[in-house]
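Engineer: Sequence and predicted model, in that order:
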Amino acid sequence: MKRIIKAILNRFNYDVHCSPPALIHSEKDRLKVDLGLLVPMLAARIPQAIFVIVGANDGAMGEELLPWAFRYDWRGVLIEPQEDMYQQLVQNTVPISDRVCCIRAAVDHEDGERILYRIKSDAEYPDWVKGIASFDRECLLKCKKWYKEIEKDIIESVVPCMTFDRALHQAGVSRYDILQIDTEGYDFEILKMARIDTVRPALIKYEYCHLSRTDWDKSVRYLIQHGYRIANDWRDVIALRPDLIG
């Protein structure tokens, strides 16, 4: 019934999004932002911004923030654990290789190795499906609603892991202004590792669609507690430091 109502409203150009309780009960912390307008404003305020992207994939697939680094004089750290995606990432960022550091690793609570679940590279699926990789196999199994046979194409890959702080140290970065996380269900864990209480990045963007509703709400509360204003769309949470508004 919810899907039917949403489809009817969308047909009449009403855009319907869910919101976590943290935002429903804290209207003053809610923002409505257009990333296409927000990023140029941020670039004007912080012309030599430093960005960190955790789960950078190949640097092109579904990427929203990285293209701005080609336009502005930004430096950055791009972190991606999958070997094939990492190699493509390095190639795709050759024009700005003097300003970015690509690291092949998954961000975790400690250094080491972990099993990452992904789709076989030669399987016949759209790029957005083949780009999904997660510590949680169930995250990939959600795609069964569209692709019934996908379970047979899920494989295990052992990937190197490092802490968030070590990744920044390896890149020679001590602070950052922009943080983007896209790790298929591990986003809140990485957000808690990112020291936003001391670094105070201007912009934080992460994917919530693979989080549990509890973790989605907890992640938004976490940001509000640290003084951020929140925008919530159909897939991502965008948090903005309030001194950049107005």
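Structural biologist: Right, received. Where do you want to start? Residues are numbered from 1 along each chain as shown.
Engineer: going forward, measure contacts and count neighbours with C-alpha atoms only.
Structural biologist: Will do.
Engineer: In contact with the nearest residue to Lys120 once chain neighbours are set aside, which residues?
Structural biologist: Excluding the flanking residues, the one nearest Lys120 by Cα to Cα, 6 or more residues apart in numbering is Asp153, at 5.6 Å. For Asp153, the residues meeting the contact criterion (Cα atoms under 8 Å, 6 or more residues apart in numbering) are Ile119, Lys120, Ala123.
Engineer: Please repeat the previous calculation with a cut-off of 10 Å.
Structural biologist: Contacts for Asp153 (Cα atoms under 10 Å, 6 or more residues apart in numbering) come out as Arg118, Ile119, Lys120, Ser121, Asp122, Ala123, Glu124, Tyr125, Lys130.
Engineer: Can you give me the separation between the closest residue to the second one other than its chain neighbours and Glu124?
Structural biologist: Yep, that's Ile119 we're talking about. The spatial neighbour of Ile119 that comes closest, neighbours along the chain excluded (Cα to Cα, 6+ apart), is Ile154 at 4.7 Å. Note on Ile154: its distance to Glu124, by Cα to Cα, to the nearest Å, is 12 Å.
Engineer: ok, now Arg114?
Structural biologist: Plainly put, Arg114 is 26 Å away from Glu124 if you go by Cα to Cα.
Engineer: So those two - more neighbours on which side?
Structural biologist: Arg114 (15 against 12; other Cα atoms under 10 Å).
Engineer: Need phi/psi at that one.
Structural biologist: Phi and psi for Arg114, reported as degrees, to the nearest 10, are phi -150, psi 160.
Engineer: I figured it hits Gln82, correct?
Structural biologist: No. Applying Cα atoms under 10 Å as the test, Arg114 and Gln82 come out as separate, 11.8 Å apart.
Engineer: any shared contact partners between these two?
Structural biologist: When contacts are counted by Cα under 10 Å, 6+ apart, the set common to Arg114 and Gln82 consists of Ala106, Ser157, Val158, Val159, Pro160.
Engineer: For this structure, just list every one of the strands.
Structural biologist: Read by DSSP state E, the chain holds these strands, from start to end of the chain: 50-54, 75-79, 100-103, 106-107, 112-119, 133-134, 154-162, 178-181, 203-207, 229-232, 236-240.
Engineer: And the helices in this protein, which stretches?
Structural biologist: Read by DSSP state H, the chain holds these helices, from start to end of the chain: 2-11, 21-24, 35-45, 66-71, 83-92, 127-130, 137-141, 164-171, 187-193, 196-199, 213-225.
Engineer: Include distance to Gln180 and mean neighbour count when you put the ones you listed into TSV, please.
Structural biologist: Shown next, in TSV, are the helices of the chain (distance: least, Cα to Cα, whole Å; neighbours: other Cα atoms under 10 Å):
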stretch	distance to Gln180	mean neighbour count
helix 2-11	28	11
helix 21-24	20	16
helix 35-45	13	13
helix 66-71	10	15
helix 83-92	16	17
helix 127-130	18	14
helix 137-141	19	17
helix 164-171	13	17
helix 187-193	9	18
helix 196-199	12	12
helix 213-225	14	18
